[in-house]
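Student: Return atomic coordinates for the entry below.
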Amino acid sequence: MSRPAGLVEDILARIPRPNKEELPHLYSDLDDMARRIGGILVESRLYEEETGLIRFDKASPRDIYGLMARDPGVMIPFFVMICGFSVRELERLAGIDDVYTLRRPEAFRRKTRTAYRFAELVSSSLKHPLHLETVIYKFYKNWEEHQKRHYRARIEEAVRELAEKHGHPCGKIKIHCGGKEIEVDAAIPPDPRRVEIALQVRTGVRRDLVKRAKEFSSEYDDIAQCLPHVKFIPVYLVPPHEKTRLEEIRRVIAKEREGKTPYPAIILTWKELENLLKNLPKINS
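Tutor: Residues are numbered from 1 along each chain as shown. Here you go, the predicted structure:
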């Protein structure tokens, strides 16, 4: 039998990571969380070494609360994911407002009754033993799906912060045009009536490129119908392992505009973005 750390590493080695090239930080965080969760479960009295089962059928609310208290930052999302709860369901079923606030240790200690109520709900939901690999895999894949949009949003936020750093008022806006609602990830300035530059932000890997190029061109056409003066700039941030393909990627994105107004620029790296923002004329907010 492997040592506990080895057990968890063996499980992690078998989990597919389809977006690792695009979102490496997401998977680094997922791996760290899974290791912490696995360590807590294996060290608990609920773990049955000879079978690899977590004996949730023998767990009281106090047992579940104790597991949460060990590391609420990971154990709260773990139990939400393996039980299949949603934030709204927990509000409705148990009067637990935004369960993820319990991830902060100080909030967990302060909201003892709420945390225990959540433990009771988890205990009443997990009635059968489950294998360690089953619960780690389910947590990993569910949390991956739950977090992908948040990690992508962080990249958009970093683009907006970089624009602000260089003196350009920037924000996410919605433009209504031709019966469509177009969301601009980073608009300078962030006013649908006065926007001059629209930065649309994507990340991706090789297999996503053609799809992303078509999306950029379609969004440019939609915006140009009502705001033909807007400079539409695609920002397609390329992962490090594909940096040797920058000019090929640039050609694919530019090709979608053949016969149409070309992009003023195509941004593929953070350095290119910073150079663009440094050299943009200042726009009064």
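
Student: Can you list the buried residues in the lengthiest helix in the chain?
Tutor: When the chain is scanned for its longest helix (criterion: DSSP state H), the result is helix 132-165. Neighbour-count burial for helix 132-165 flags 132-133, 135-140, 142-144, 147, 151-152, 155-156, 159-160, 162-163 (criterion: 16 or more other C-beta atoms under 10 Å). All C-beta atoms are positioned from the backbone trio N, CA, C, and that covers glycine.

Student: again, but for stretch 97-110
Tutor: Residues of stretch 97-110 classed as buried by neighbour count (16+ other C-beta under 10 Å): 99, 102-103, 107-108.

Student: right, and out of the residues you listed, which lies closest to V74?
Tutor: R103 (8.1 Å; C-beta to C-beta).

Student: my read: that closest one touches P77, true?
Tutor: Yes. Counting by C-beta atoms under 8 Å, R103 sits close enough to P77 to count as a contact (6.9 Å).

Student: where in the stretch 101-250 of the chain is pLDDT low?
Tutor: 204-205 (pLDDT under 70).

Student: hey, where'd the strands end up in it?
Tutor: Read by DSSP state E, counting those that start in this stretch, the stretch 101-250 of the chain holds these strands, from start to end of the chain: 130-131, 171-177, 180-188, 197-203, 231-237.

Student: what about the helices in the protein?
Tutor: 4-13, 24-43, 61-70, 72-83, 87-94, 105-110, 112-125, 132-165, 209-226, 246-255, 270-279.

Student: Which residue comes closest to A254 once chain neighbours are left out?
Tutor: Ranked by C-beta to C-beta, 6 or more residues apart in numbering and with sequence neighbours excluded, the top spatial neighbour of A254 is I266, at 6.2 Å.

Student: ok now do the one you found, which residues does it touch?
Tutor: In this structure, I266 makes contact with 233-234, 236, 250, 253-254, judged by C-beta atoms under 8 Å, 6 or more residues apart in numbering.

Student: From L276, how far off is it?
Tutor: Counting by C-beta to C-beta, to the nearest Å, the separation of I266 from L276 is 10 Å.

Student: any shared contact partners between these two?
Tutor: With C-beta under 8 Å, 6+ apart as the test, I266 and L276 both reach I233.

Student: okay, stretch 139-155 in PDB with CA atoms only?
Tutor: Once side chains and other backbone atoms are set aside, the C-alpha atoms of stretch 139-155 remain, and they are given as PDB (Å, rounded to 0.1, in the frame of the first residue of the first chain):
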ATOM      1  CA  PHE A 139     -14.300  17.200  -6.800                       C
ATOM      2  CA  TYR A 140     -11.600  17.900  -9.300                       C
ATOM      3  CA  LYS A 141     -13.700  17.800 -12.400                       C
ATOM      4  CA  ASN A 142     -16.700  19.700 -10.900                       C
ATOM      5  CA  TRP A 143     -14.500  22.400  -9.400                       C
ATOM      6  CA  GLU A 144     -12.600  22.700 -12.700                       C
ATOM      7  CA  GLU A 145     -15.900  23.400 -14.500                       C
ATOM      8  CA  HIS A 146     -17.000  25.800 -11.800                       C
ATOM      9  CA  GLN A 147     -13.800  27.800 -11.900                       C
ATOM     10  CA  LYS A 148     -12.900  28.000 -15.600                       C
ATOM     11  CA  ARG A 149     -14.900  31.100 -16.200                       C
ATOM     12  CA  HIS A 150     -13.500  32.800 -13.100                       C
ATOM     13  CA  TYR A 151      -9.900  32.200 -14.200                       C
ATOM     14  CA  ARG A 152     -10.700  33.500 -17.600                       C
ATOM     15  CA  ALA A 153     -12.300  36.600 -16.000                       C
ATOM     16  CA  ARG A 154      -9.100  37.200 -14.000                       C
ATOM     17  CA  ILE A 155      -7.200  37.500 -17.300                       C
END
